[in-house]
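one predicted model, sequence on top.
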Number of protein chains: 2
Amino acid sequence: MGQNEAVPFLLLIEDDDAIRTALELSLSRQGHRVATAATGEDGLKLLKEQRPDLVVLDVMLPGIDGFEVCRRIRRTDQLPIILLTARSDDIDVVVGLESGADDYVVKPVQGRVLDARIRAVLRRGERESTDSATFGSLVIDRSAMTVTKNGEDLQLTPTELRLLLELSRRPGQALSRQQLLRLVWEHDYLGDSRLVDACVQRLRAKVEDVPSSPTLIRTVRGVGYRLDVPA
Amino acid sequence: MGQNEAVPFLLLIEDDDAIRTALELSLSRQGHRVATAATGEDGLKLLKEQRPDLVVLDVMLPGIDGFEVCRRIRRTDQLPIILLTARSDDIDVVVGLESGADDYVVKPVQGRVLDARIRAVLRRGERESTDSATFGSLVIDRSAMTVTKNGEDLQLTPTELRLLLELSRRPGQALSRQQLLRLVWEHDYLGDSRLVDACVQRLRAKVEDVPSSPTLIRTVRGVGYRLDVPA
DNA sequence: CGCCGACTGTCACAGGCGTGTCACAGGCGG
DNA sequence: CCGCCTGTGACACGCCTGTGACAGTCGGCG
């Protein structure tokens, strides 16, 4: 699709003046349009007014913190969100993913690194809008509701198909069992059951070349699962 | 529909100034010609004057709302219509399809996503514009309203014919029982009845070579049915 | 380096759900 | 009045699905 891509329009929410101006400058030089806000409240307001393509969001903000901003954005909007966090803190990663972020970058971050992530997330978004998605030898046709591997049809059961569709809508993003339960099964409480695991397992058996060492549906320990885009 | 214009000509009807200008800019950058209107009345007037190839239409408009605009357009014109709806609200989707829209997109929408949908709808339109469609040994003549198999006429009942026509308008696309009910029977609620199934079954009996293992009208488990184009 | 705990993979089974199928009654038009 | 079409409900049948127990694996900590 987009060869002639429009200039991405970003909203950067970060309270530290030095970091904010530095990133703004850097991202502008990389060819983005950038709007900035220093607090969560301002950020949410700007979001409504300016309608950016993507939000870069610091987790540590005065007032409402980044996770909460993220959740609020997600209640009404579907645009991509990249979280900035101070440390490589596993808890932050989990909470960040739970609150609906698309990607996650550890500070201090160089402008070009952030730029690369931004472009990756935007590219991911374009892929979602099309009716078919490709992951290695796997092709998912969302309109025909079929999945083919090396050109031949896979017979997925309804639940397997829905699971794969939800995963494929968020390529590269780890989804917790909770999230998958809500998305695929539409009920909230995962007791202590292997429900999601079992379904992932059945899906892998049909989708992966070597189900015992999966390359597409990876497990993220302590979190859940993630559908990878092969390089 | 439109002539062989290289550049698609769109009419965007949206009352929110920020969104309208943002989308107009974005769509222009994606290579479309764009005309805009802020109200349904203006939109209908512009439609008559400028004859666009496609209409992008917000559902929430002051005065006559998007659904009504959609219905009025459909009374005289057959050009593709894409509805913009506020949230992934099922009710909107239902009403949207009933009022004759070809596709719907959930706001807020990124320009590049909308662009992809626009191109998809325009592509689909080109296919439909032909009066006859062929699926294996089956030939559907939309202007004569006849269906032949291996050259000989099939006697389809009115409902069977409409079902086949709706399926053939979207070849290769899985349609849910809900969607079929709305398209063919024009009412909303499928209780727990085998209505669609029964009609599909009767249609298969006339259309398929081996009704017990259909190759044209495939069932998509957990979803609905799909008319396949044989390779 | 090895143990231990927690997390995940695996499997079989019974119940349930979705779909195909059919017969029938009412409706509609000829 | 008659015949065909249509919608409905009941039923049967397979396949899917959720569950729980157990085995295997990974990571951390001493």
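Received, thanks. Numbering: from 1, shown residues only, chains lettered A, B, ... in the order given.

how many residues are close by A:Asp131?
For A:Asp131, the neighbour count with other CB atoms under 10 Å in any protein chain shown is 13. Every residue, glycine included, has its C-beta placed from N, CA and C.

distance of it from B:Val220?
For A:Asp131, the distance to B:Val220 equals 15 Å [CB to CB, to the nearest Å].

check which helix or strand covers the closest residue to A:Asp131 other than its chain neighbours.
Closest residue to A:Asp131 apart from its sequence neighbours, by CB to CB, 6 or more residues apart in numbering or on different chains: A:Ser143 at 4.5 Å. Per DSSP states H and E: A:Ser143 is located in neither a helix nor a strand.

and for A:Ser143, the neighbour number?
Counted with other CB under 10 Å, residues neighbouring A:Ser143 total 15.

for it, phi and psi?
Note on A:Ser143: backbone dihedrals following degrees, to the nearest 10 are phi -90, psi -40.

need the residues that contact stretch A:8-17.
Residues outside stretch A:8-17 that contact it (CB atoms under 8 Å, 6 or more residues apart in numbering or on different chains): A:20, A:23-24, A:27, A:31-40, A:42-43, A:46-47, A:50-58, A:60-62, A:66, A:69, A:84, A:118-119, A:122.

what about that stretch, average pLDDT?
Across stretch A:8-17, pLDDT averages out at 92.

re the thing from before, I figured the residue nearest to A:Asp131 hits B:Val220, correct?
No. Taking contacts as CB atoms under 8 Å, A:Ser143 lies outside contact range of B:Val220: 11.0 Å.

which residues do these two both contact?
Listed as contacting both A:Ser143 and B:Val220 by CB under 8 Å, 6+ apart are B:Ala174.

what helix or strand is the nearest residue to A:Leu180 once chain neighbours are set aside on?
In this structure, A:Leu180 finds its nearest non-sequential neighbour in A:Val196, 5.3 Å apart by CB to CB, 6+ apart. Using DSSP H and E, A:Val196 sits within helix A:195-207.

let's see that helix as CSV, backbone CA atoms only.
Output of helix A:195-207 as CSV, limited to C-alpha atoms (Å, rounded to 0.1, in the frame of the first residue of the first chain):
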residue,chain,number,x,y,z
LEU,A,195,-7.5,-22.9,28.9
VAL,A,196,-5.5,-20.4,26.9
ASP,A,197,-2.4,-22.6,27.0
ALA,A,198,-4.3,-25.5,25.6
CYS,A,199,-5.7,-23.5,22.7
VAL,A,200,-2.4,-22.0,21.9
GLN,A,201,-1.0,-25.4,21.9
ARG,A,202,-3.6,-26.7,19.4
LEU,A,203,-3.1,-23.6,17.3
ARG,A,204,0.7,-24.2,17.2
ALA,A,205,0.2,-27.8,16.1
LYS,A,206,-1.4,-26.5,13.0
VAL,A,207,0.5,-23.3,12.4
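
okay, the residue nearest to A:Asp131: pLDDT?
At A:Ser143, the pLDDT recorded in the model is 85.
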